[in-house]
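K.L.:
okay, predicted coordinates and the sequence, questions at the end:
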Amino acid sequence: MSKCRICRNDHTQAFLKLGPTPLANSFLNLDQLNSPEPTYPLDVVFCPACGLVQLDHVVPPTVMFRNYLYVSSTSDTMRSHFAAYAGEVIDRFLTVPDQLVIEFGSNDGCLLREIQKRGARTLGIEPATNLALRATDAGIETLNDFFCLRTATVARERFGPAKVLSGNNVLAHIEDLHDVVKASKAILDPAGVAVFEVPYLAETIRNNEFDTIYHEHLYYFSLKPLMRLFQDGAMRVFDVKRVPVHGGSLRLYVTHAEAPYPLQDSVTRLLAEEESQGLHHSDAYKSFSQNVATLRERLRELLRSLKNKGARIAAYGAPAKGNTLLNHFGIGRETIDFVADRNPLKQGLYTPGTHIPVVPVDRILSEQPDFVLVLAWNFIDEIVLQQCEYLKRGGLFIVPIPTPRVVDESVLERTEAR
Ligand code: ZN
């Protein structure tokens with residue numbers, strides 16, 4: 001068992017073992033289907049000393065992040081999320097035009113584009129070569145590198161300190177969290193603010209979102225261990241907010257320990273909430289693991305009974321999390337005819353481990369399968385609107401998480417009314 005990567009405690013406790021699993025973003029081309037697929041252990045442990053939930057085994061980042069298929073701008077939900085995010089950051093923390101905002105893990109520049117539109121200077125730092133090029137081509141200057149103390153030092157020398165540093169859905173990707181804190185400290189203006197978004201463990205547990213567990217996500221954060229992490233590096237969390245993206249996330253506002261930002265009530269309130277939910281104790285994780293086993297049985301039983309009645313079933317969305325669900329639940333081509341996804345980079349490929357073909361989304365209407373299993377369940381509202389014609393023709397969605405439910409045409413009235 002590995003040491004805790006925040007507090008170095010060597011008595012971490014394993015609570016969920018998903019076993020040897022292929023990388024969730026290693027979609028295969030036709031030629032690769034007949035070669036053996038590499039798998040890596042996927043086991044989750046809890047540190048009772050600081051509260052951090054983490055993967056036991058770490059896959060080298062160069063294997064996972066140099067060519068990356070998740071593109072933020074593919075989703076309408078993420079585009080509008082980042083537009084609102086940009087507005088908030090600028091109104092709250094930038095005092096004059098032309099101040100510098102740096103984002104690491106900047107993907108295709110979805111957030112920075114919005115920041116630029118509002119008159120600030122931007123710099124992206126992105127390890128995936130394909131995404132860094134794409135952002136640069138679109139006019140968003142991007143260094144093609146991992147975020148670490150070395151890159152932060154170079155970036156500060158070339159571009160100056162950041163008034164705002166941002167890292168979204170990326171902290172969980174980086175093994176050496178203490179180095180991220182050092183890098184943040186090095187690049188941030190003395191009165192600057194670092195804003196991080198991380199999927200929130202409380203939501204993962206409450207909603208059975210076990211499928212967000214895959215090798216890229218080394219950590220499943222609650223607030224308490226993050227407070228400890230930043231404190232160890234002479235920074236501090238002074239505000240926190242819950243945001244709805246990625247199944248429920250935390251937005252943390254962090255600054256240098258001595259910077260003039262008073263601690264907000266939101267921080268103490270959320271810590272107390274976590275304590276009362278048992279998030280800092282191992283029992284919560286034991287029951288989570290049992291809930292995942294129950295979910296597995298229910299979904300398999302539902303799909304089995306539909307197949308026995310001759311139903312044709314497809315899936316919507318080929319997100320990384322879908323592959324955790326398919327692989328861990330043992331659902332493959334015997335059940336799912338195809339996976340439809342809007343991302344052209346994934347179309348024409350096959351899902352890792354289960355080898356289901358990924359096709360453009362118009363296949364849903366042209367084939368009108370009886371059921372569509374929604375693997376990208378966090379975008380369900382967007383998908384319902386986009387696929388309203390499929391539902392109107394009698395198609396049915398199966399939303400697997402938190403517990404399997406069937407969604408029919410009647411959902412359209414409710415979604416449009418919102
Ligand atoms: Zn720990």
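P.N.:
Nice, I can see it.
K.L.:
so who does residue 355 touch?
P.N.:
Contact analysis of residue 355 by C-beta atoms under 8 Å, 6 or more residues apart in numbering lists 28, 33, 332, 333. Every residue, glycine included, has its C-beta placed from N, CA and C.
K.L.:
partner residues bridging the first one?
P.N.:
When bridges are assigned using DSSP bridges, the partners listed for residue 28 are residue 350.
K.L.:
top strand in this structure by residue count?
P.N.:
strand 188-199 (DSSP state E).
K.L.:
and the next helix or strand past that one?
P.N.:
Moving toward the C-terminus from strand 188-199, the next helix or strand (DSSP states H and E) is helix 201-206.
K.L.:
centre of the chain to the very next helix or strand once past that next one, how far?
P.N.:
Using DSSP H and E, the helix or strand that follows helix 201-206 towards the C-terminus is strand 219-220. Relative to its chain's centre, strand 219-220 lies at 10 Å (C-alpha atoms, centre = their mean, to the nearest Å).
K.L.:
find the nearest non-adjacent residue to residue 267, please.
P.N.:
Excluding the flanking residues, the one nearest residue 267 by C-beta to C-beta, 6 or more residues apart in numbering is residue 240, at 5.5 Å.
K.L.:
show me the contacts for that neighbour.
P.N.:
Residue 240 neighbours (C-beta under 8 Å, 6+ apart): 223, 250, 251, 252, 253, 264, 266, 267, 270.
K.L.:
bridging residues for the third one?
P.N.:
This points to residue 251. The partner residues for residue 251, given DSSP bridges, come to residue 197, residue 241.
K.L.:
contacts for stretch 111-124 next, please.
P.N.:
So stretch 111-124 is contacted by 72, 82-83, 85-87, 89-90, 94, 97-104, 106, 109, 132, 135, 138-143, 155, 159, 162, 166, 168 (C-beta under 8 Å, 6+ apart).
K.L.:
so how far does that stretch reach from one end to the other?
P.N.:
Separation of the first and last residues of stretch 111-124 by C-alpha to C-alpha, to the nearest Å is 10 Å.
K.L.:
just give the closest residue to the residue of the stretch 201-350 of the chain found nearest the ion, not the sequence neighbours.
P.N.:
Closest residue of the stretch 201-350 of the chain to the ion, C-beta to the ion: residue 225 (6.4 Å). Nearest non-adjacent residue to residue 225, counting by C-beta to C-beta, 6+ apart: residue 52, 4.0 Å away.
K.L.:
over to residue 288?
P.N.:
Using C-beta to C-beta, 6+ apart, the closest residue to residue 288 is residue 205 (5.1 Å).
K.L.:
go on, residue 32?
P.N.:
With sequence-adjacent residues excluded and distances taken as C-beta to C-beta, 6+ apart, residue 32 is closest to residue 350, at 7.9 Å.
K.L.:
per-residue confidence at that neighbour?
P.N.:
Predicted confidence (pLDDT) for residue 350: 98.
K.L.:
quick check, it in contact with residue 33.
P.N.:
Yes. Counting by C-beta atoms under 8 Å, residue 33 is a contact partner of residue 350 at 6.1 Å.
K.L.:
show me which of these two is the more surrounded one.
P.N.:
residue 350 (20 against 10; other C-beta atoms under 10 Å).
K.L.:
roughly how far apart are the more buried one and residue 186?
P.N.:
Separation of residue 350 from residue 186 (C-beta to C-beta, to the nearest Å): 42 Å.
K.L.:
same deal with residue 145?
P.N.:
Counting by C-beta to C-beta, the gap from residue 145 to residue 186 is 14 Å.
K.L.:
before we move on, what about residue 192?
P.N.:
Relative to residue 186, residue 192 is positioned 11 Å away (C-beta to C-beta).
K.L.:
what does residue 118 give?
P.N.:
Applying C-beta to C-beta to residue 118 and residue 186 gives a distance of 26 Å.
K.L.:
let me see the contact set for residue 314.
P.N.:
Residues counted as contacts of residue 314 (C-beta under 8 Å, 6+ apart) are 336, 337, 338, 339, 340, 363, 364, 367, 369, 371, 372, 373.
K.L.:
so what's the fifth one bridging to?
P.N.:
What it means is residue 340. With DSSP bridges applied, residue 340 shows beta-bridge pairing to residue 316, residue 359.
K.L.:
right, and it touches residue 316 too?
P.N.:
Yes. At 5.5 Å, residue 340 counts as touching residue 316 under the criterion of C-beta under 8 Å.
K.L.:
anything in contact with each of these two?
P.N.:
By C-beta under 8 Å, 6+ apart, the residues touching both residue 340 and residue 316 are 361, 364, 372.
K.L.:
tally of neighbours for the first one?
P.N.:
When counting by other C-beta under 10 Å, one arrives at 17 neighbours for residue 361.
K.L.:
for it, which non-adjacent residue is spatially closest?
P.N.:
Per C-beta to C-beta, 6+ apart, closest to residue 361 is residue 340, 4.4 Å.
K.L.:
residue 12 is in contact with residue 47, correct?
P.N.:
Yes. Here residue 47 reaches residue 12: they are 5.0 Å apart, a contact under C-beta under 8 Å.
K.L.:
need the residues touching each of these two.
P.N.:
4, 54.
K.L.:
what count of nearby residues applies to the closest residue to residue 394 other than its chain neighbours?
P.N.:
Leaving aside its sequence neighbours, residue 394 sits nearest to residue 409 (C-beta to C-beta, 6+ apart; 7.5 Å). The tally of other residues near residue 409 (other C-beta under 10 Å) stands at 15.
K.L.:
next: residue 76.
P.N.:
By other C-beta under 10 Å, the residues close to residue 76 number 14.
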